[in-house]
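**Student:** Below: sequence and its predicted model.
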Amino acid sequence: MVGCRAKSRRDCGYLAVVDTGASKCPWAKIEAQPYFLYNPKTEECCDWKDATNCVDLQADVMFVIDVSGSIDSQEFKQLISFVKSIVSALPIGLQETRVGAISFTSTAKLEFSMDKYATEADILAAMDTIVNKAGGTATFAALNLLKSEAYLPSNGNRADVQDLVFVLTDGKSSNKQATLDAVKNIENEGYTIFSVGIGNNLDLDELNAISSDPDSTFTLRADFDSLNTILNTLIDSACRVLAPVRTPGNGLDSAEKIADVLAVSVKTCELDW
């Protein structure tokens, strides 16, 4: 049985919940938290609400970034900084989380595929090479590019790994119907999509149509100056997608043995008070 050291309740990962001995996590019992997460790298545990980063999880991630002319240079720096903060919260690696990027104005472009870079440093550097340009907001072109190019196996997509998309835009698309048609085109591809609307020139109905359901989880809004205020919420929601809580009655037999739990990459287990 793996011990649980409650030295820190912050910055814990989402990999594996173990230990049915509540005495090793006394704070969990005190706060009546029936489920907790264990990070074998730090040998620390935390409850789900306090976990703020993903650890050793797999995902194929695409950032769909608005680079249109309505975003000025300072705002674009804030946008790219926000994207880089999300990347830094993910476990980057060709066997873990792969990251690619699409930019869009009046057209859309695959900036780099998911299998091009294998380290966080390289991905962050690649994000810095993306530039904003004059042009409209062809959100539909970027969404269609997800299916036609970005998520092809030849560009690094893995069939058995969750596809996670972050769409970041500061405005309404230049053709709403085309955007809705693009959403229809990709709705059966299995993508989990977060819509991040920035500023005041937004179409909330459009953002909600793009994002996965429920909208309350997958559609977020902020100003350029306040993007960091939604960062932890976005990362937490993304990690929950990648490592959903499994509880008795929700995919987990409470009688499972610890040995069986440890054999699976991500699980939760009810504490035995």
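**Tutor:** Now that the structure is in, tell me what you want to look at.

**Student:** contacts, neighbours, all on C-alpha from now
**Tutor:** OK.

**Student:** any residues touching the helix or strand encompassing Asp181, and which ones?
**Tutor:** Following DSSP states H and E, the helix or strand that holds Asp181 is helix 176-186. By C-alpha atoms under 8 Å, 6 or more residues apart in numbering, the residues outside helix 176-186 that reach it are Ala138, Thr139, Phe140, Ala141, Leu143, Asn144, Leu146, Lys147, Ser173, Glu206, Ala209, Ile210.

**Student:** Go through these and flag which are in strands.
**Tutor:** Among the contacts of helix 176-186, no member falls in strands (criterion: DSSP state E).

**Student:** Selection in PyMOL covering whichever of these are buried, please.
**Tutor:** A single PyMOL command selects the buried members of the contacts of helix 176-186 (16 or more other C-alpha atoms under 10 Å):
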select buried, resi 138+139+140+141+143+144+146+173+206+209+210
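
**Student:** For the helix holding Asp181, list every residue counted as buried.
**Tutor:** Those would be Lys176, Ala178, Thr179, Leu180, Ala182, Val183, Ile186, for helix 176-186 by 16+ other C-alpha under 10 Å.

**Student:** again with stretch 145-160
**Tutor:** Leu145, Leu146, Ala150, Tyr151, Gly156, Asn157, Arg158.

**Student:** Tell me the pLDDT of the residue nearest to the first one when sequence neighbours are not counted.
**Tutor:** Yep, that's Leu145 we're talking about. Closest residue in space to Leu145, ignoring its immediate chain neighbours: Ala108 at 7.2 Å, by C-alpha to C-alpha, 6 or more residues apart in numbering. In this model, Ala108 is scored at 95, pLDDT.

**Student:** can you pull the contacts of Ala108?
**Tutor:** Taking C-alpha under 8 Å, 6+ apart, we find Ala108 in contact with Ile102, Ala138, Ala141, Ala142, Leu145.

**Student:** Please repeat the previous calculation with a cut-off of 7 Å.
**Tutor:** Neighbour list for Ala108: Ile102, Ala141, Ala142 [criterion: C-alpha atoms under 7 Å, 6 or more residues apart in numbering].

**Student:** now Ser113
**Tutor:** Ser113 touches Gly100, Ala101, Ala150, Asn155, Gly156, counting by C-alpha under 7 Å, 6+ apart.

**Student:** Mind doing that once more with 6 Å?
**Tutor:** Counting by C-alpha atoms under 6 Å, 6 or more residues apart in numbering, Ser113 makes contact with Gly100, Asn155.

**Student:** returning to that earlier point: could you dump the buried residues of helix 176-186 into TSV and include pLDDT and distance to Pro214?
**Tutor:** Shown next, in TSV, are the buried residues of helix 176-186 (pLDDT from 0 to 100; distance: C-alpha to C-alpha, whole Å):
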residue	pLDDT	distance to Pro214
Lys176	94	21
Ala178	96	22
Thr179	95	19
Leu180	95	17
Ala182	96	19
Val183	95	15
Ile186	94	17
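
**Student:** Which member of those is positioned nearest Leu168?
**Tutor:** Nearest to Leu168 among the buried residues of helix 176-186, counting by C-alpha to C-alpha, is Thr179 at 14.2 Å.

**Student:** Quick check: the gap between the closest one and Asn201.
**Tutor:** Separation of Thr179 from Asn201 (C-alpha to C-alpha, to the nearest Å) stands at 16 Å.

**Student:** Tell me which stretches of this protein form strands.
**Tutor:** Under the criterion DSSP E, the chain carries strands at the ranges 36-39, 44-47, 59-66, 97-104, 108-112, 163-169, 191-198, 219-222, 247-248, 251-252.
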